[in-house]
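[1] How does the following fold in three dimensions:
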Amino acid sequence: MRAIRVATSGGPEVMELAEVEAPEPAARQLLVEVAAIGVNFIDTYQRSGLYRMSLPFTPGSEGAGRVVAVGPEVTGFAVGDRVAWAMTPGSYAERALVPQESAVRVPDAVDDRTAAAALLQGMTAHYLVTSTHPVRTGETALVHAAAGGMGLLLTQLVKSLGGNVIGTVSTAEKEALARQAGADEVVRYTEVDVAEEVRDLTDGRGVDVVYDGVGASTFDASLASLRPRGLLALYGAASGPVPPVDPQRLNSAGSVFLTRPSLAHHILTREELEWRAGQVFEWIGTGVLDIRVGATYPLAEARRAHEDLEGRRTTGKVLLLP
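    Numbering: from 1, shown residues only. The predicted model follows:
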């Protein structure tokens, strides 16, 4: 089968398409014919070496497809089932091994591309608005990169929970997408000081929560945009990792809270995985969430997909198609 392989850490050019031996499922594993692969910033962190991986490896942690074989001791899944997964390495391939503990069934009403586009980012958005900071009616959230895959999901979910959204974007096209998703106000970070604009839009109060997946380039503005005792949820580092922070800055900003959550710690049990995934698929089915696939690339063009994602040339979700 064909798979993307990374032999050394570095830029997008280190990813190469290779012919590899098709895997066989071991105990409690599913072998899945991959229909669509979700591309996420964590893939770029692993490829670059920011997150260390054992080399060589096949990148990718999210996808959807059909089960073509099952290993011993598998229960609850059978050949022919449609499944999706997140946080499972080796997804940039025509076939992937998925532990049964990580697989979730895809409802008939959700197609493979939507399932692959929705699960990792959808469950991330789910824990951010239900667990990290449960959004309450009337609260205001600042959502960075509001036209990206995560930004569009967060905007829709905050609005569905009765909150207000101030989104940051870089272009008029992205502003239109953020507003279509429900953003009440949109700030072009290329044109104004974000924190000052947020203060103006909130009559000097600041926002209740900041959802920041950008990292280094937005961290200062995020802190400065919070109300006293507000929360900054730093869930990613698209612009690079945030340098070490003096805790006194949290006091100076208004006794604010800072957390760095991750999806892995929010799907620790099978029950929690099924709850979050089930709600994401339910929201898609009822129209609460509209999953926007902004770009698709053949598996062989994984390098270009990473270049466009890191270059902020994409909107919505990016998929690879084997």
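
[2] got a list of what residue 129 touches?
    Neighbouring residues of residue 129 by C-beta atoms under 8 Å, 6 or more residues apart in numbering: 135, 154, 157, 158, 161. Just so you know, the C-beta spots here come from the backbone N, C-alpha and C atoms, and that holds for glycine as well.

[3] which of the residues you listed tops the neighbour count?
    In terms of neighbours by other C-beta atoms under 10 Å, the contacts of residue 129 top out with residue 154 at 31 neighbours.

[4] Just the helices from the stretch 51-200 of the chain, written as ranges.
    Here the stretch 51-200 of the chain has its helices, by DSSP state H, counting those that start in this stretch, at 112-127, 149-160, 172-181, 194-201.

[5] if we can go back for a sec, dump the contacts of residue 129 into a markdown table; add pLDDT as well.
    As requested, the contacts of residue 129 are exported to a markdown table (pLDDT from 0 to 100):
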| residue | pLDDT |
| --- | --- |
| 135 | 98 |
| 154 | 98 |
| 157 | 98 |
| 158 | 98 |
| 161 | 98 |
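
[6] Return the member of those nearest to residue 272.
    Proximity of the contacts of residue 129 to residue 272 (C-beta to C-beta) peaks at residue 157, which lies at 17.4 Å.

[7] Contact partners for that closest one?
    By C-beta under 8 Å, 6+ apart, the neighbours of residue 157 are 125, 126, 129, 135, 283, 288, 289.

[8] among the residues you listed, which ones are buried?
    Taking 16 or more other C-beta atoms under 10 Å as the criterion, what is buried in these is 125, 126, 129, 135, 283, 289.

[9] nearest to residue 165, of the residues you listed?
    The closest of the buried ones among the contacts of residue 157, once distances to residue 165 are taken by C-beta to C-beta, is residue 135, at 9.8 Å.

[10] Would you agree that closest one is in contact with residue 155?
    No. Using C-beta atoms under 8 Å, residue 135 is not in contact with residue 155, being 11.4 Å away.

[11] and stretch 128-139, how far apart are its ends?
    Criterion C-alpha to C-alpha, to the nearest Å; first-to-last residue distance in stretch 128-139 is 14 Å.

[12] Ok, stretch 203-218 next?
    21 Å.

[13] Please apply the same query to stretch 178-189.
    First-to-last distance for stretch 178-189 - C-alpha to C-alpha - comes to 14 Å.

[14] same question, stretch 98-118
    First-to-last residue span, stretch 98-118, C-alpha to C-alpha: 17 Å.

[15] Please spell out which residues along it are buried.
    Within stretch 98-118, judged by 16+ other C-beta under 10 Å, the buried ones are 98-100, 102-106, 110, 112-118.

[16] what does stretch 152-172 give?
    152-161, 163-169.

[17] the strands in the stretch 151-300 of the chain, which residues?
    164-169, 185-188, 207-212, 226-234, 257-259, 293-298 (DSSP state E, counting those that start in this stretch).

[18] which one of these lies closest to residue 76?
    Of all the strands of the stretch 151-300 of the chain, strand 293-298 comes closest under C-beta to C-beta, at 28.7 Å.

[19] helices and strands around the next helix-or-strand element following that closest one, which ones?
    The first helix or strand that comes after strand 293-298 along the chain, using DSSP states H and E, is helix 302-310. Applying 3 or more C-beta pairs under 8 Å, 6 or more residues apart in numbering; DSSP states H and E, one finds that helix 302-310 contacts strand 15-19, strand 29-39, helix 41-48, strand 293-298, strand 317-321.

[20] Please identify the buried residues of helix 302-310?
    Quick answer for helix 302-310 (16+ other C-beta under 10 Å): 302, 303, 305, 306, 308, 309, 310.

[21] Reformat the residues you listed as JSON lines; add distance to residue 215 and pLDDT.
    Below are the buried residues of helix 302-310 laid out as JSON lines (distance: C-beta to C-beta, whole Å; pLDDT from 0 to 100):
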{"residue": "302", "distance to residue 215": "23", "pLDDT": "98"}
{"residue": "303", "distance to residue 215": "23", "pLDDT": "98"}
{"residue": "305", "distance to residue 215": "20", "pLDDT": "98"}
{"residue": "306", "distance to residue 215": "17", "pLDDT": "98"}
{"residue": "308", "distance to residue 215": "19", "pLDDT": "96"}
{"residue": "309", "distance to residue 215": "14", "pLDDT": "94"}
{"residue": "310", "distance to residue 215": "13", "pLDDT": "94"}
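
[22] So for the chain, which residue is the most central one in space?
    residue 121 (3.2 Å; C-alpha atoms, centre = their mean).

[23] who touches residue 223 in this structure?
    So residue 223 contacts 232, 249, 250, 253, 256, 258 (C-beta under 8 Å, 6+ apart).

[24] what would those look like in CSV with pLDDT and neighbour count?
    Shown next, in CSV, are those (pLDDT from 0 to 100; neighbours: other C-beta atoms under 10 Å):
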residue, pLDDT, neighbour count
232, 98, 23
249, 98, 13
250, 98, 16
253, 97, 22
256, 98, 22
258, 98, 20
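
[25] Noted, bye for now.
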